[in-house]
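Enquirer: Below: sequence and its predicted model.
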Amino acid sequence: MKKTKRANGEGSIWTEIRNGRTYYRGAAVVGYELDGKPIRKTLGSFERQEVVKKLREMQVLVDKNLFIEPSKKPFADYFKDWIFNHKQNKIAASSFETYESEYRLRIKDSKLGKIKMENLNVTNLQQHFNELSINYPVTTVQKSYDIVRYCLNYAEKVEDIYKNPMKFVEIEKRRKTPPNRSMPMSASQQKIFVKHLDNDYYLDNFIYCALATGGRLGEITALSRDDLIGKIVHYNKQYRNIPHITSDGHRKWKKEITIPKSEKSNREVPITDATLLIFKKQMQINKRMANDPDNNFIDRNLIFCDENGNYIEKKRPARRVKAICEKIGLPPFTFHELRHSYATRLYEQGVPIRTIQLLLGHEDIRTTEIYVTVLDDPKKSAVSMLDGII
């Protein structure tokens, strides 16, 4: 690299020869040390006008006292520091796993990850997402885009970059395809199904609770006796398998009680007299299991527990639902479709969609609309009302 004379008419711009080509360098005073020594910021390009443009933009920021010295960290290091030191304790463990996976799979060893924060721009970010779109589905690229954007929003906020270039990066929009609707039980199917539940068996009572309250699997698993007050069930926590991830990538899974991610998930659900009887029956079963000398029962104050007082293993209710369906000739409904069935029964009885949203604990009413399915039985009943009218 050979340094040559300054370009004509521009005292702040000079040229160098790089690989046989003229390379333009520019410098601007962006501040002063305590001793009065000027602080200069240099930049360069093979295009002279690009240097002139950047110098002018920089000078405008300096004049307005808005100039920011960008971080010199490689983006991968900055991103890792952001997720472990600024995000991990502020988001749910399941959400953090998504952020950590983004770093490990698509940032850590990427070309983008090696670029210093001060050199991030629309071009290299756009190239990164163009490459992702070749190897990943649209939904994955969209999530990646959002996480990188959040990171650079933070960098802009704390003045590690001047502007977030992600604002001008374009990706293929998520295709609007009809959602995969879970099919709830019809009212007639549900009656048959409930008749085959054994209210002397804790798993069947667990399943009945899903149909009667619309609770999520983890919510019902975590229910304690304190959560049943009169004819109100309080859903305020979940029992989940949570990954704990360290900065060196080591992960350990641990089953624990977590609080809901959204305020709407923390809710009160009224129950019927029949459902209250099932709850009381279940607590009698717990006492019976606790008094059985063959069981090593530990009282954890749970409403639904196994023979030893432990949390019910997450796959067991789903297996039980499948077994009952096979036995009585119903389609193989999933456990989660019991929650859909609860929503659909309410909707069929004329309960407003907003009320159903509150009972299900949905943040977005559009999610509730997906849960509610108008089945053939009520449609036929509605049309029959036209008899004698037309």
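Expert: Yep, it's here.

Enquirer: How about the contacts made by the nearest residue to residue 203 once chain neighbours are set aside?
Expert: For residue 203, ignoring the flanking residues on the chain, the nearest one in space by CB to CB, 6 or more residues apart in numbering is residue 320 at 4.8 Å. In short, each C-beta sits where N, CA and C put it, glycine included. Residues counted as contacts of residue 320 (CB atoms under 8 Å, 6 or more residues apart in numbering) are 203, 204, 207.

Enquirer: Which secondary structure state does the last one sit in?
Expert: The three-state assignment at residue 207 reads helix, by DSSP: H, G, I helix; E, B strand; the rest coil.

Enquirer: I figured it hits residue 199, correct?
Expert: No. Look at residue 207 against residue 199 with CB atoms under 8 Å: they stay out of range, at 10.6 Å.

Enquirer: more neighbours, the two?
Expert: Comparing residue 207 with residue 199 by neighbour count (other CB atoms under 10 Å), the higher total belongs to residue 207, at 23 against 14.

Enquirer: What separation do you get for residue 163 and residue 70?
Expert: 10 Å (CB to CB, to the nearest Å).

Enquirer: Oh, that last question was meant for residue 331, not what I typed.
Expert: 58 Å.

Enquirer: Compare these two (neighbour count), which wins?
Expert: The residue with more neighbours, out of residue 331 and residue 70, is residue 70; 16 against 10, by other CB under 10 Å.

Enquirer: isn't that one right next to residue 156, touching?
Expert: No. Taking CB under 8 Å as the definition, residue 70 is not a contact partner of residue 156, at 10.2 Å.

Enquirer: Identify the contacts common to the two.
Expert: With CB under 8 Å, 6+ apart as the test, residue 70 and residue 156 both reach residue 162.

Enquirer: tell me the phi and psi of the residue nearest to residue 125 when sequence neighbours are not counted?
Expert: Distances taken as CB to CB, 6+ apart put residue 169 closest to residue 125, at 4.9 Å, once the chain neighbours are dropped. Backbone torsions of residue 169, given as degrees, to the nearest 10, read phi -90, psi 130.

Enquirer: which residues does residue 169 contact?
Expert: Taking CB under 8 Å, 6+ apart, one finds 122, 125, 126, 129, 145 in contact with residue 169.

Enquirer: Can you get me a residue count around the first one?
Expert: What it means is residue 122. 13.

Enquirer: which regions of the stretch 251-390 of the chain lie under the pLDDT threshold?
Expert: 373-390 (pLDDT under 70).

Enquirer: Pick out whichever of the contacts of residue 169 sits closest to residue 245.
Expert: residue 145 (22.0 Å; CB to CB).

Enquirer: residues in contact with the helix or strand harbouring the closest one?
Expert: Element membership for residue 145, per DSSP states H and E: helix 138-157. Helix 138-157 has contacts (CB under 8 Å, 6+ apart) with 71, 78-79, 82-83, 86, 98-99, 102, 106-107, 117, 120, 125, 129, 132-133, 136, 161-166, 169, 171-175.

Enquirer: 7 Å - rerun?
Expert: Contacting residues not belonging to helix 138-157 are listed as 78-79, 82, 86, 99, 102, 106, 117, 129, 132-133, 161, 163-164, 166, 171-172, 174-175 [CB atoms under 7 Å, 6 or more residues apart in numbering].

Enquirer: Give me the neighbour count for the nearest residue in space to residue 365 that is not next to it in sequence.
Expert: Excluding the flanking residues, the one nearest residue 365 by CB to CB, 6+ apart is residue 357, at 5.0 Å. Counted with other CB under 10 Å, residues neighbouring residue 357 total 21.

Enquirer: before we move on, the earlier item: just the buried subset of the contacts of helix 138-157, please.
Expert: Those of those that meet the buried threshold are 78-79, 82, 99, 102, 106, 117, 129, 132-133, 161, 164, 166, 171, by 16 or more other CB atoms under 10 Å.

Enquirer: Dump these into JSON lines; add distance to residue 335, pLDDT and secondary structure as well.
Expert: Shown next, in JSON lines, are these (distance: CB to CB, whole Å; pLDDT from 0 to 100; DSSP: H, G, I helix; E, B strand; the rest coil):
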{"residue": "78", "distance to residue 335": "42", "pLDDT": "94", "secondary structure": "helix"}
{"residue": "79", "distance to residue 335": "37", "pLDDT": "96", "secondary structure": "helix"}
{"residue": "82", "distance to residue 335": "37", "pLDDT": "95", "secondary structure": "helix"}
{"residue": "99", "distance to residue 335": "28", "pLDDT": "95", "secondary structure": "helix"}
{"residue": "102", "distance to residue 335": "30", "pLDDT": "95", "secondary structure": "helix"}
{"residue": "106", "distance to residue 335": "33", "pLDDT": "96", "secondary structure": "helix"}
{"residue": "117", "distance to residue 335": "46", "pLDDT": "91", "secondary structure": "helix"}
{"residue": "129", "distance to residue 335": "37", "pLDDT": "96", "secondary structure": "helix"}
{"residue": "132", "distance to residue 335": "34", "pLDDT": "94", "secondary structure": "helix"}
{"residue": "133", "distance to residue 335": "35", "pLDDT": "92", "secondary structure": "helix"}
{"residue": "161", "distance to residue 335": "46", "pLDDT": "87", "secondary structure": "coil"}
{"residue": "164", "distance to residue 335": "42", "pLDDT": "93", "secondary structure": "coil"}
{"residue": "166", "distance to residue 335": "39", "pLDDT": "94", "secondary structure": "helix"}
{"residue": "171", "distance to residue 335": "35", "pLDDT": "91", "secondary structure": "coil"}
